[in-house]
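Q: Here is a sequence together with a model predicted from it:
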Amino acid sequence: MKDKLYEYILMLGDNSMILGHRLSELCGHGPSLETDIALTNISLDLFGQVRSYFQYAAELKGDGATEDTIASLRFDRDFRNVILVEQPNTDFAYVIGRQFLFDAFHLPLLEQLMNSNDETIAAIAAKSIKESRYHLRFSSSWVKRLGDGTEESHQRMQAAINHLFPFVSELFRETKIEKEMKELGIGADLSLIKTSFNQKIKEVFEEATLEIPDTPSRQTNGKTGIHTEQMGFILAEFQYMQRAYPNMTW
Amino acid sequence: MSNTVELKNIEALLREVTDPEIPVLSIMDMGVVRDIEQNGKALLVKITPTYSGCPAMDTIATDIKLKMDAAGFDTTVKLVLAPAWTTDWITENGRRELEKYGIAAPLDETSDKHALIDGKRIVKCTNCGSTNTKMVSQFGSTACKALFQCEDCLEPFDYFKCLK
């Protein structure tokens, strides 16, 4: 049971960590000062959530594990994030598209987790949801602005969505662990999240004059540790210091 | 009785600890201190983060420990997550200090949405008091703030976002 809960917490925390890392890559590179600050602020929120999740995970794991060892000393196959959040910052439309799709999933997820039987998960969710509401406001307003903007911005926003959308189905494909956690009242019911997600997408895309792509979904399995080649590059950068100078602190 | 006096002293000392990013604001006025337990020399201070990623929390915890240990306590600072912090816990005094410092204090939840989403001009400029202000960015210099500018006196200023 402890092992399964540990895995489930990684599923929650790893999404925030990998997306948070992707956003941190934009620090100093955002298309404008305001978006740069916004994206890195969102990154900071996500990493704050990661710390809470990983502190809890470390407690469950024991054996000298800490939030830092969990973040910095696992290999790609040990990560439980979905493939969507690994996608690179191709251009601003991709960054916004990825963020919006994740936020539209994250918010209803946290809404459910607030009522988790697990007190720590419930507390982290209650804390995180306040921040994630701002994230969704930010990302959806940009999806609308770009989608319903100029011909160029519309075309590029749609292109980004077309690329990202096949990764969405993984969010709702229930793994064994997620099923068990749901049945125990600890985890969320993904089918309910899917309903809220679809509603939000429809509402925002309509206003943004974007189309929901009907491209087939990809058979991705990030939640069981099968990642794309992106993951190696992400971890190489994220974990460099701990790998090069084991146990270093600052 | 002596315990009550002691607690008042502890609170007075904690009042001197400030948020490193908003140095005019005491952590007591921020509503960050959730509980104080004292048993002889042993002191337990429970604090809660404003935002989960708030980098000030580690500094605040260290500052509390340094201050209270110097006063003769053996201090432990514990971070608690529930119940989650809300801007409602900022005291009246805290709100005044924020405004004096040039940060507009959080509005109620509905007005906050009007200001941040619908672009309503209701946030009061901390420099001239005009509400003819516009949002420049939903995210400001820290995660808890949005960036505004006054269209009358042109002063750019931070607005502390409502967190419920």
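A: Sure thing, it's come through. From a predicted model like this one, the values you see are computed outputs, not experimental measurements. Numbers count the residues shown, from 1 in each chain, chains lettered A, B, ... in the order given.
Q: Can you tell me the closest non-neighbouring residue to residue A:136?
A: Closest residue to residue A:136 in three dimensions, ignoring its sequence neighbours and counting by C-beta to C-beta, 6 or more residues apart in numbering or on different chains: residue A:103, at 4.0 Å. Bear in mind the C-beta positions are built from the backbone N, C-alpha and C, glycine included.
Q: Pull the number of nearby residues for that neighbour.
A: Residues within reach of residue A:103, counting by other C-beta atoms under 10 Å in any protein chain shown, total 23.
Q: Need the three-state assignment for it.
A: helix (DSSP: H, G, I helix; E, B strand; the rest coil).
Q: Got the confidence number for it?
A: Reading off the confidence values, residue A:103 has pLDDT 98.
Q: That one and residue A:143 touch, don't they?
A: No - in this structure, residue A:103 is not within contact of residue A:143 by C-beta atoms under 8 Å, at 10.0 Å.
Q: separation between the residue nearest the centre of chain B and chain A?
A: Per C-alpha atoms, centre = their mean, the C-alpha nearest to the average position across chain B is that of residue B:30, at 3.3 Å. Distance of residue B:30 to chain A, computed by C-beta to the nearest C-beta, to the nearest Å: 16 Å.
Q: quick one: contacts for that residue?
A: With C-beta atoms under 8 Å, 6 or more residues apart in numbering or on different chains as the criterion, the residues that contact residue B:30 are B:19, B:50, B:89-90, B:94.
Q: Name the residue of chain A that lies nearest to chain B.
A: With C-beta to the nearest C-beta as the measure, the residue in chain A that lies nearest chain B is residue A:48; the distance is 2.7 Å.
Q: how about that residue, what does it touch?
A: When contacts are counted by C-beta under 8 Å, 6+ apart, residue A:48 is found next to A:131, B:49, B:51-54.
Q: Counting neighbours, which of the residues you listed comes out on top?
A: When neighbours are counted by other C-beta under 10 Å, residue B:52 leads the contacts of residue A:48 with 26 neighbours.
Q: Work out for me the element the closest residue to that one other than its chain neighbours sits within.
A: The shortest distance from residue B:52 to any non-neighbouring residue, by C-beta to C-beta, 6+ apart, is to residue A:48 (2.9 Å). Using DSSP states H and E, residue A:48 falls within helix A:33-61.
Q: any idea which helix or strand comes after that helix?
A: Per DSSP H and E, helix A:33-61 leads on to helix A:67-72 as the next helix or strand towards the C-terminus.
Q: Briefly note if that following helix comes near chain B.
A: No - figure legend: helix A:67-72 not in contact with chain B (C-beta under 8 Å from any C-beta of the partner chain); closest approach 12.2 Å.
Q: send the alpha carbons of that helix over as PDB?
A: Once side chains and other backbone atoms are set aside, the C-alpha atoms of helix A:67-72 remain, and they are given as PDB (Å, rounded to 0.1, in the frame of the first residue of the first chain):
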ATOM      1  CA  GLU A  67      12.700  15.700  -1.500                       C
ATOM      2  CA  ASP A  68      16.000  16.300  -3.200                       C
ATOM      3  CA  THR A  69      17.000  12.700  -3.800                       C
ATOM      4  CA  ILE A  70      13.600  12.100  -5.300                       C
ATOM      5  CA  ALA A  71      13.900  15.000  -7.700                       C
ATOM      6  CA  SER A  72      17.600  14.600  -8.500                       C
END
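Q: How much space separates the residue lying closest to residue B:103 once chain neighbours are set aside from residue A:6?
A: Among residues not flanking residue B:103 along the chain, residue B:158 sits closest, at 4.6 Å (C-beta to C-beta, 6+ apart). Computed with C-beta to C-beta, to the nearest Å, the distance linking residue B:158 and residue A:6 is 40 Å.
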